[in-house]
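Colleague: With the input below, show me the fold.
(4 chains)
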Number of protein chains: 2
Amino acid sequence: MVRVGLTTERLVRAGAELADEVGFDEVTVSALARRFDVKVASLYSHVRNSQDLRTRIALLALEELADRASEALAGRAGKDALTALANVYRDYAHEHPGRYAAAQLRLDPETAAASAGVRHARMTRAILRGYDLAEPDRTHAVRLLGSVFHGYVSLELGGGFSHSAPDTDETWTRVLDALDALLRTWPAV
Amino acid sequence: MVRVGLTTERLVRAGAELADEVGFDEVTVSALARRFDVKVASLYSHVRNSQDLRTRIALLALEELADRASEALAGRAGKDALTALANVYRDYAHEHPGRYAAAQLRLDPETAAASAGVRHARMTRAILRGYDLAEPDRTHAVRLLGSVFHGYVSLELGGGFSHSAPDTDETWTRVLDALDALLRTWPAV
DNA sequence: TAATTTGCCTAAATCTTTTAGGCAAATGCA
DNA sequence: TGCATTTGCCTAAAAGATTTAGGCAAATTA
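Modeller: Numbering: from 1, shown residues only, chains lettered A, B, ... in the order given. Prediction:
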């Protein structure tokens, strides 16, 4: 009996790759077992169940995204920082569509609170230090940025913008210009 | 043998209700059969397979959304129209989370082209007639609006904005204010 | 009323998820 | 080095989901 060397870590990593290849919805315990050429039941020593596997992939994606983001933000401020963060999300989604979909998985509150999700929130807030916004407008702006980043990327990935000129890169640039302008002149109540 | 009176129409409608109750991901041919107290195989006369069922639910949701939107837009222009359309999406998502999730299903190009999705695109474009935007900025703006609407609603629904003041209704209002201001003063290249 | 169509059935194959229990390889300790 | 323990992967098996094939009875039409 040859041991393949399964660990939770390796399974989750392979699951993330599988997600990028065939889509997050197609990530199943069986498919993962096939990939390791191992019986399905063997995975259940490392992963509680199917849902657990998916959650772990989501957490991995959130970590990776947060790592990229914090690196991209180092030394940048203002529009420079805004663009950098936005591109981290978009690039990651293009490179790793399955992982990106995983990152959207609804987590239960405790799990979410312990996840890298909180780092994301902090980083978006940090960007706004370059603009002159007091609470509660700062929070409104955080939510707007999150919505645009997530919304744009997921529509683009879902093909919502396809089959029409101008190309999406150009729109993306102009959208970031517009957001920057908006944040600089945020309308008073 | 008592006939329940299954039709594709009824199945899809019931599937949509099921989605709202238990989530779109949990919509399965088996669950639907249980709901009609009928054997699973009986559904396969009306629906090609599981994927077909899900696609049909998505198309239904897109139709319903487009109908609501076109009704809401009648007689409105400018910010009034912007707010009305935005609220149609948000309200629908809150009332019918499962259907809304279904509307996000990735459709193959031909299906998408034949769906109510094109009405949505037209309506968003129509709103921008109230603002002074020439192409390609109008397209950029259409995409921005789509991103914000979809992004905001899906983050809100996914709990991304929970556990923090100010409440999401207030943010929503302010985000729409901000978008209106942005469209009125869209930055030149 | 007879012929046809339609609606739901049983049966059966295949696949996924999950639990329980077991043997052998790797590891820790004397 | 030898033995005990832990760990990794196994077989077996149950339960649910998906899908196809073929059949009978009810509803519809002629």
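Colleague: mind listing the helices for chain A?
Modeller: A:8-22, A:29-36, A:40-43, A:50-73, A:78-95, A:97-103, A:109-114, A:117-127, A:137-157, A:168-184 (DSSP state H).
Colleague: Smallest gap between chain A and DNA strand D, at which residue?
Modeller: Residue nearest to DNA strand D within chain A: A:Leu6 (2.9 Å; C-beta to the nearest atom of the strand). All C-beta spots, glycine's among them, are computed from the backbone N, C-alpha and C.
Colleague: mean pLDDT lowest for which of the helices of chain A?
Modeller: Mean pLDDT per stretch puts helix A:109-114 lowest among these, at a mean of 89.
Colleague: The closest residue to the residue of chain A closest to DNA strand D other than its chain neighbours: how many residues sit nearby?
Modeller: Setting aside the residues directly before and after it, A:Leu6 is nearest to A:His46 in space (C-beta to C-beta, 6 or more residues apart in numbering or on different chains), at 5.7 Å. Counted by other C-beta atoms under 10 Å in any protein chain shown, the residues lying close to A:His46 total 16.
Colleague: Same check on A:Ala165?
Modeller: Applying other C-beta under 10 Å, I find that A:Ala165 has 8 neighbouring residues.
Colleague: What distance do you get for it to B:His140?
Modeller: Applying C-beta to C-beta, to the nearest Å, the value for A:Ala165 to B:His140 is 11 Å.
Colleague: okay, and the common contacts of the two?
Modeller: Residues touching both A:Ala165 and B:His140 (C-beta atoms under 8 Å, 6 or more residues apart in numbering or on different chains): there are none.
Colleague: returning to what we had before: pLDDT value on the residue nearest to A:Leu6, please?
Modeller: pLDDT at A:His46 comes out at 93.
Colleague: does it really touch A:Val4, like I thought?
Modeller: No - the pair A:His46 and A:Val4 fails to qualify as a contact (C-beta atoms under 8 Å) at a distance of 11.3 Å.
Colleague: Leaving aside the residues adjacent along the chain, what's closest to the residue of chain A found nearest chain B?
Modeller: Chain A approaches chain B most closely through A:Gly151 (2.3 Å), counting by C-beta to the nearest C-beta. Using C-beta to C-beta, 6+ apart and skipping the chain neighbours, the partner closest in space to A:Gly151 is B:Gly151 (2.3 Å).
Colleague: dump the residue contacts of that neighbour.
Modeller: Each residue near B:Gly151 by C-beta under 8 Å, 6+ apart is listed here: A:Gly146, A:Ser147, A:Val148, A:Phe149, A:His150, A:Gly151, A:Tyr152, A:Ser154.
Colleague: can you pick the most crowded of those?
Modeller: A:Tyr152 (28 neighbours).
Colleague: What's the separation between that one and B:Val148?
Modeller: A:Tyr152 sits 9 Å away from B:Val148, going by C-beta to C-beta.
Colleague: residue contacts, the closest residue to A:Leu105 other than its chain neighbours?
Modeller: Nearest residue to A:Leu105, sequence neighbours excluded (C-beta to C-beta, 6+ apart): A:Ala58, at 4.1 Å. Residues counted as contacts of A:Ala58 (C-beta under 8 Å, 6+ apart) are A:Ala102, A:Ala103, A:Gln104, A:Leu105, A:Leu107, A:Ser115.
Colleague: Got the phi and psi for the last one?
Modeller: Backbone dihedrals for A:Ser115, given as degrees, to the nearest 10, come out at phi -90, psi 180.
Colleague: okay but it is in contact with A:Pro109, surely?
Modeller: No - taking contacts as C-beta under 8 Å, A:Ser115 lies outside contact range of A:Pro109: 10.5 Å.
Colleague: who has more neighbours, the two?
Modeller: A:Ser115 (18 against 10).
Colleague: residue contacts, that one?
Modeller: Taking C-beta under 8 Å, 6+ apart as the test, what A:Ser115 contacts is A:Ala58, A:Leu59, A:Leu62, A:Leu107.
Colleague: Ok, A:Val88 next?
Modeller: A:Val88 makes contact with A:Leu65, A:Arg68, A:Ala69, A:Ala72, according to C-beta under 8 Å, 6+ apart.
Colleague: so the first one makes contact with A:Tyr89?
Modeller: Just to be clear, that refers to A:Leu65. Yes - counting by C-beta under 8 Å, A:Leu65 touches A:Tyr89, with 7.1 Å between them.
Colleague: Enumerate the residues of chain A near DNA strand D.
Modeller: Taking C-beta under 7 Å from any atom of the strand as the measure of proximity, chain A contacts DNA strand D at A:1, A:3-7, A:38-42, A:45-46.
Colleague: Of those - the most surrounded one?
Modeller: Highest neighbour count within the residues of chain A next to DNA strand D, by other C-beta under 10 Å: A:Leu6, with 18 neighbours.
Colleague: Before we move on, what's the pLDDT of it?
Modeller: For A:Leu6, pLDDT reads 87.
Colleague: can you list the residues of chain A near DNA strand C?
Modeller: Counting by C-beta under 7 Å from any atom of the strand, chain A sits next to DNA strand C at A:1, A:3, A:28-31, A:40-41, A:44, A:48-51.
Colleague: which of the residues you listed sit farthest apart?
Modeller: Longest distance between any two of those is 29.2 Å, between A:Met1 and A:Gln51; criterion C-beta to C-beta.
Colleague: Report the distance from stretch A:79-86 to the chain centre.
Modeller: Relative to its parent chain, stretch A:79-86 has a centroid offset of 16 Å by C-alpha atoms, centre = their mean, to the nearest Å.
Colleague: do the same with stretch A:127-137
Modeller: Using C-alpha atoms, centre = their mean, the distance from the centre of stretch A:127-137 to the centre of the chain it belongs to is 23 Å.
Colleague: Check stretch A:94-105 too.
Modeller: Distance, centroid of stretch A:94-105 to centroid of chain: 6 Å (C-alpha atoms, centre = their mean).
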